[in-house]
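>>> My questions concern the predicted model and sequence given below.
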Amino acid sequence: MDCLFCKIINQEIPASIVYQDDKVIAFNDINPQAPFHALVIPRKHIPTLNDIADEDRELVGHMLQVAGKIAQEQGFASDGYRTVFNCNTHGGQTVYHIHLHLLGGKPMGWPPYQDQLKTPV
């Protein structure tokens, strides 16, 4: 399989790992969009959110619990943080292995890309 995240899981590509267990691995994003930006990925290859099966519900819930645990360990859980799943091209997904973005360490605006939504005058 030629999946970037599977290669990280298999230690074929290095990553700055912040958490791992038997179900998931979390590592720092190489293009951070916040002071803290990590990706939480399942060890099981699931291409998109559309491919999550009934038997994957516990795994996806575990991803969210891990994000909360990391936010607590990093010291920004009480201030708040953002979690994001992107799905397919229009959703901004670039690696087709589901991954949860965990962003924290600064106030977040809404919508996320508000500067890009402004119409030029």
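Sure thing, it's come through. No experiment lies behind these values; they were computed from the predicted model shown.

>>> Heading C-terminal from the longest strand that the chain contains, find the next helix or strand.
In terms of residue count, the longest strand belonging to the chain (DSSP state E) is strand 36-42. Once the chain leaves strand 36-42, the next helix or strand it forms, by DSSP states H and E, is helix 57-74.

>>> Just want the angle from that next one to strand 36-42.
160 degrees (axes from the mean of the first three to the mean of the last three C-alpha atoms, to 10 degrees).

>>> Please work out which residues outside helix 57-74 touch it.
When contacts are defined by C-beta atoms under 8 Å, 6 or more residues apart in numbering, helix 57-74 is touched by residues 18-19, 21, 23-24, 26, 36, 38, 40-42, 44, 52, 77, 81, 83, 98, 100, 102, 104-105. For glycine as for every other residue, the C-beta is placed from the backbone atoms N, C-alpha and C.

>>> swap the cut-off to 6 Å and go again
Y19, K23, V24, F36, V40, P42, A77, Y81, T83, L100, L102, G104 (C-beta atoms under 6 Å, 6 or more residues apart in numbering).

>>> Any of the residues you listed buried? List them.
Among those, those buried by neighbour count (16 or more other C-beta atoms under 10 Å) are Y19, V24, F36, V40, P42, Y81, L100, L102, G104.

>>> number of nearby residues for F27?
20 (other C-beta atoms under 10 Å).

>>> thinking again about what came up before, next step: the contacts of helix 57-74 restricted to strands.
Y19, V24, F36, V40, P42, Y81, T83, L100, L102, G104.

>>> Now do the last one against C6, distance only.
Counting by C-beta to C-beta, to the nearest Å, the gap from G104 to C6 is 26 Å.
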